[in-house]
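Engineer: sequence plus the predicted model coming up.
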Amino acid sequence: MMLAPSSSPVVGLGIPALARVLVVESRPGSLATAVVGLESQGLSCTRVRSHREALERLQFDSRFCLCVSDLVEDDEGRRSLYFKFPEMSWVVQAPRDSVPPMRAQDRRVRGSQEELLDVALTALRAHPYDARILDVMDQALGRTWVPFGALKGAHFVRRDARILDGIAAVVEVAGRDVWGRVVFSASEKVLFRHVRRTLGTDPASVDDVADAAGECANRLAGAIRRHYRAHGLTSSQSAPFMVIGPGARVTPISGAPGLVVEHRSERGDRVFFEWQLGNRPRTDGRVAYGQLPTGEVVFM
Amino acid sequence: MARSELREALEDAYDVIEAKNGAEALSRAGNEAFDVVVADINMPVMGGIEFVRLLRGLPSHAQVPVIVVTAESSDEVVQRGRAAGVNAWMVKPLSPSGLVNAVERFAPSLDTAG
């Protein structure tokens, strides 16, 4: 299979701009090399000395996409962190095998700080949670859904492939540096009401409201692309396609978690904007950045 | 590229038959013979990989070349596609000429076949 590209990896492409990393460094200097490496990629690192201090910090400053830690103890502080901030990925330097089990999305590194840095960057690439993209999503959903009069709701990360409500419109975003998928979801009832309010007509069928959902997904994908383009990451978007029905699924790209922004109206109607940023594993199993060619045919 | 753009890219040289999803394509393949199939992976009703797997079960299409055009590029999905019987994989965005070149690798155009 001709999947292995010849170009060298471009580390850092696709990592959300200004992504923030929490560094739990119990032994001063133990993660210094990794921190320098992360900061050289333009990432902002905040250092604390313990899980308890991390917990205190996160009470008023919760938007970290990754925690890099040299603490392997499964103490109450770490359990609280897991419980309260499930969107944050973890990379833990653990020289011994006897560390407690961690969540599936977390990484354990037994080797050098260089290896830790590599794993941390990989985790960031696969976990696009940062304040900037959330703001972009919130604003885009607000603008797209103005007639609905929705208010900001929850932000969350999920890996479930099932669509969040009865109708989902999906737009794929693809480019050399950014790959992902925008999913706009709402119930049939909410979409019927939306079409009536915006167009002043009664939709005749589900197809009519599905078109409206597709238009919303188109606009949201445009907002995502503009955000990345502002950071020099260009992409194109596909025409929307619809997934309809309870239990219907949209396969996640590369196992990357979906970042979801929810808006809800005063009457309880909800709409969801999900952004799944994909990564592209190389054939040797490691994650590569900006490698696989787009627009070229790969014969199998 | 949307389905209409795929059609525009190919219809100068080929007879192009469209289907909205895997289920419809499978239904048509049961009644007609095609020289090449171009399919997306993420489709409503029936996805591309399931479609290719079932298509390979039709004697008339067991060997027909299948080109996937998709934004999907994860190794896991590509491997599943290969296992199902996909012959070529193209990652969006792509140019019309790129698609035509890929199809030409598998099937003669109407001009040259005539």
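Structural biologist: Yep, that arrived.
Engineer: who's residue A:93 bridged to?
Structural biologist: residue A:109 (DSSP bridges).
Engineer: what about it, how many residues nearby?
Structural biologist: Neighbour count of residue A:93, defined by other C-beta atoms under 10 Å in any protein chain shown: 25. For the C-beta atoms, the positions are set from N, CA and C on the backbone; glycine is no exception.
Engineer: for chain B, see how far away the closest residue in space to residue A:51 that isn't next to it in sequence is.
Structural biologist: Among residues not flanking residue A:51 along the chain, residue A:77 sits closest, at 2.9 Å (C-beta to C-beta, 6 or more residues apart in numbering or on different chains). As judged by C-beta to the nearest C-beta, to the nearest Å, residue A:77 and chain B stand 35 Å apart.
Engineer: shouldn't residue A:77 be within a helix?
Structural biologist: Yes: according to DSSP: H, G, I helix; E, B strand; the rest coil, residue A:77 belongs to a helix.
Engineer: so what's it up against?
Structural biologist: A:50, A:51, A:52, A:54, A:55 (C-beta atoms under 8 Å, 6 or more residues apart in numbering or on different chains).
Engineer: also residue A:181?
Structural biologist: Counted by C-beta under 8 Å, 6+ apart, residue A:181 has contacts A:170, A:171, A:172, A:173, A:250, A:253, A:275, A:276, A:278, B:71.
Engineer: would it count as being in a strand?
Structural biologist: Yes: checked against three-state DSSP, residue A:181 lies within a strand.
Engineer: since we're on residue A:214, how many residues are nearby?
Structural biologist: 19.
Engineer: pretty sure it is touching residue A:242, no?
Structural biologist: Yes: counting by C-beta atoms under 8 Å, residue A:242 is a contact partner of residue A:214 at 6.5 Å.
Engineer: now for these two: what residues contact both?
Structural biologist: By C-beta under 8 Å, 6+ apart, the residues touching both residue A:214 and residue A:242 are residue A:169.
Engineer: host element of residue A:273?
Structural biologist: Element membership of residue A:273 [criterion: DSSP states H and E] is strand A:270-277.
Engineer: tell me where the stretch 101-250 of chain A has strands.
Structural biologist: A:107-109, A:151-158, A:167-174, A:179-186, A:236-237, A:241-244 (DSSP state E, counting those that start in this stretch).
Engineer: most tightly surrounded among those?
Structural biologist: When the strands of the stretch 101-250 of chain A are scored by mean count of other C-beta atoms under 10 Å in any protein chain shown, the highest mean neighbour count falls to strand A:179-186 (a mean of 28).
Engineer: CA atoms only for it - export them in CSV, please.
Structural biologist: The C-alpha coordinates for strand A:179-186 follow below in CSV (Å, rounded to 0.1, in the frame of the first residue of the first chain):
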residue,chain,number,x,y,z
TRP,A,179,-8.5,17.7,8.7
GLY,A,180,-11.7,17.4,10.6
ARG,A,181,-15.4,17.3,10.6
VAL,A,182,-18.1,19.7,11.6
VAL,A,183,-21.3,18.2,12.8
PHE,A,184,-24.4,20.3,13.5
SER,A,185,-27.2,18.5,15.3
ALA,A,186,-30.7,19.3,16.4
